[in-house]
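# kindly generate the corresponding structure for this input.
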Amino acid sequence: MTMGEQSDGRRRAAILALAWKDVDLAGRTIRWPAAHDKTGTEWCVPLSDELAAALKAYRQRMGAVGGWLFPAWKDPSRPVTCWPFDHLLAEAKREAKLPKLEGGLWHPYRRKWATERKGHGLKDVMAAGGWLDTSCLLACYQQADDESVRAVVNEPRKLRDRAAASG
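Modelled structure (predicted):
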């Protein structure tokens, strides 16, 4: 499970550019700075219980008190670039013998995150995941899945006869 998948499905570049000052473990929020957001928007969203615990453990393991969450390996004063991160994910997937996912290395996880949240309010999913408009979220990220389609077929909302006749 990736950090983006645990938190709010953010883009890889935004995740890699996070600093510890953006993470409030006590208040259980994460601030996504506008400078690293594709839309240039700053977002502040709650941390999930799972991600808060993982970040706390990671911070302790790293002995971090400040700086980048993912510092560059040769220059910790800078965030890691996407290339080493891509290599690590590809290597981990190879070692775990996972199938290649359609649509990229990291993007399938963002789509999975968005699809898993189809039952939530659209505005809430947009705010948590960093989308400004519904068209991109609906056209590119949220996908039909067997379980959701089956629920649509098997779980209709019942309308009263009068309401159905007038529609």
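
# rest of the way, CA atoms for contacts and neighbours
Will do.

# on contacts alone, who are the packing partners of the strand or helix carrying residue 152?
In the assignment (DSSP states H and E), residue 152 maps to helix 146-154. Using 3 or more CA pairs under 8 Å, 6 or more residues apart in numbering; DSSP states H and E as the contact definition, helix 146-154 packs against no other helix or strand.

# chain center to it: distance?
Put simply, helix 146-154 sits 24 Å off its chain's centre (CA atoms, centre = their mean, to the nearest Å).

# for that helix, C-alpha coordinates in CSV please.
Coordinates of each C-alpha in helix 146-154 appear next as CSV, following Å, rounded to 0.1, in the frame of the first residue of the first chain:
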residue,chain,number,x,y,z
ASP,A,146,-18.2,-5.2,-10.7
GLU,A,147,-19.2,-4.7,-7.1
SER,A,148,-20.6,-1.2,-7.6
VAL,A,149,-22.5,-2.2,-10.8
ARG,A,150,-24.0,-5.2,-9.1
ALA,A,151,-25.2,-2.9,-6.2
VAL,A,152,-26.8,-0.6,-8.8
VAL,A,153,-28.7,-3.5,-10.3
ASN,A,154,-29.6,-5.2,-7.1
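
# what are the buried residues along stretch 76-92?
79, 80, 81, 90 (16 or more other CA atoms under 10 Å).

# got any ranges where the chain has weak pLDDT?
Within the chain, the segments meeting pLDDT under 70 span 1-8, 161-167.

# what about residue 80, distance to residue 69?
As judged by CA to CA, to the nearest Å, residue 80 and residue 69 stand 9 Å apart.

# got it, and residue 122?
Noted for residue 122: a distance of 29 Å to residue 69, by CA to CA.

# tell me the secondary structure at residue 90.
helix (DSSP: H, G, I helix; E, B strand; the rest coil).

# if anything else comes up later, I'll come back, but that's it for now.
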